[in-house]
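Asker: Sharing a model that was predicted from the sequence below.
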Amino acid sequence: MSKPLITIQNLKISRSNKILLNRVDMSIHEFDRIVLVGENGCGKSSLLRTLNKTDEIDDGIIWLSPNLKLYYLEQDPPEPSIFNLIEFLSKEIEHADLSKINDVIEQLNLKDINYRKKLSGGEIRKIYIAKAIISEPDILLLDEPTNHIDLPTIDWLEKKLLSLKKTMIIVSHDQEFLKKIGSKIFWFHKGKIFKHEGSYQNFYEWSKEIITIEKNKSHKMKQKIKIETKWSIEGISARRKRNMGRVRGLEKLSK
């Protein structure tokens, strides 16, 4: 079994008085390629920023394996100030492999960019993708990695990421990309995270099953509340003292 790199317990994250994640437990293991799925604003990017220690949490415990190295490719990275691309890419890397750096520059067509002019969104994205790969982290945190880049570059990125055999946590609206890359799904749903081992290919069938189970539970709960409410109206006066425990149970059910 692959070793755990990150363990999270009782995690609570809220933004602007809205609870995004409430009392969530999860673990991230070596070689996981986790796809984060959910509606916009459900907390996917917030979780990445939390793991990167960019954002604070409201409550909970996050344990990271000692000396764990993460690289965070944010959704809208700032335009980098570059005078020398190799120097920029090798910054903060001990014993940088210049041959490898030059290969990545060549493969991403970064060699002929004029860095004295304003860079396009695609050029900025490719520079940070190169930085992510060259940095050789233990975990890649990738927020919309295919934004602004063309199809040949996306195809190259898919193959490159799979060849790296790294742990990854990915947020993306590119469903084809997710189908090729993901090996686990973390679905953000109503403040919880539902976990699924396997490709994103089966996400919709799996999520429908969960929704059906939730609806059945909700229906049964409503029926029970209805019965208990009727009892509380009609029968409580007869055995008031003995039945106060049942009243308290009704209050808990209603909550």
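Answerer: Cool, the structure landed. Residues are numbered from 1 along each chain as shown.
Asker: show me where the stretch 101-250 of the chain has strands.
Answerer: Applying DSSP state E, counting those that start in this stretch to the stretch 101-250 of the chain gives strands spanning 139-143, 167-171, 184-189, 192-197.
Asker: Residues in contact with the last one: which ones?
Answerer: By CB atoms under 8 Å, 6 or more residues apart in numbering, the residues outside strand 192-197 that reach it are 21-22, 24, 26, 183-187, 202-203, 206-207, 210. C-beta coordinates here come from the backbone N, C-alpha and C atoms, glycine included.
Asker: How about stretch 74-92?
Answerer: 45, 48-49, 96, 98, 101-102, 104-105, 110, 113, 115, 118-119, 124-125, 127-128, 130-131, 134-135, 143-144, 147, 171.
Asker: How about the spatially most central residue of the chain, nearest residue that isn't a chain neighbour?
Answerer: Centroid check for the chain by CA atoms, centre = their mean gives Leu36 as the closest residue, at 3.9 Å. Leaving aside its chain neighbours, Leu36 sits nearest to Lys44 (4.2 Å; criterion: CB to CB, 6 or more residues apart in numbering).
Asker: Tell me how far that neighbour lies from Val171.
Answerer: Look at Lys44 and Val171: by CB to CB, to the nearest Å, they are 5 Å apart.
Asker: of these two, who's got more company?
Answerer: Per other CB atoms under 10 Å, whichever of Lys44 and Val171 has more neighbours is Lys44, with 26 against 21.
Asker: Tell me the pLDDT of the more buried one.
Answerer: Predicted confidence (pLDDT) for Lys44: 94.
Asker: tally of neighbours for Ser14?
Answerer: 16.
Asker: what about it, which helix or strand?
Answerer: strand 4-15 (DSSP states H and E).
Asker: how about low-confidence regions in this structure?
Answerer: 1, 213, 215-247, 249-250, 253-255 (pLDDT under 70).
Asker: Pairing partners for Ile6 in the sheet, please.
Answerer: Beta-bridge partners recorded for Ile6 (DSSP bridges): Ile28, Leu64.
Asker: just checking, it touches Thr50?
Answerer: No: counting by CB atoms under 8 Å, Ile6 does not reach Thr50; the two are 10.6 Å apart.
Asker: joint contacts of the two?
Answerer: Contact with both Ile6 and Thr50 is made by residues Ile62, according to CB under 8 Å, 6+ apart.
Asker: all helices for the stretch 51-200 of the chain, in order.
Answerer: 85-90, 98-107, 121-135, 151-164, 175-181 (DSSP state H, counting those that start in this stretch).
Asker: quick one on the thing from earlier: possible to save the contacts of strand 192-197 as CSV with neighbour count?
Answerer: As requested, the contacts of strand 192-197 are exported to CSV (neighbours: other CB atoms under 10 Å):
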residue, neighbour count
Leu21, 24
Asn22, 16
Val24, 20
Met26, 16
Ser183, 14
Lys184, 19
Ile185, 22
Phe186, 21
Trp187, 18
Asn202, 12
Phe203, 19
Trp206, 16
Ser207, 16
Ile210, 14
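Asker: quick one: which of these is nearest Asp32?
Answerer: Nearest to Asp32 among the contacts of strand 192-197: Lys184, at 5.6 Å, using CB to CB.
Asker: Secondary structure element holding the nearest residue to that closest one once chain neighbours are set aside?
Answerer: Closest residue to Lys184 apart from its sequence neighbours, by CB to CB, 6+ apart: Ile34 at 4.7 Å. Assigned by DSSP H and E, Ile34 belongs to strand 33-37.
Asker: Give the partner strands of that strand in its sheet and their orientations.
Answerer: Next to strand 33-37 in the sheet, as set by DSSP bridges, lie strand 167-171 (parallel), strand 184-189 (parallel).
Asker: wait, which of those is closest to Lys12?
Answerer: Closest approach to Lys12 among the strands paired with strand 33-37 (CB to CB): strand 184-189, 13.7 Å.
Asker: Understood, closing this out.
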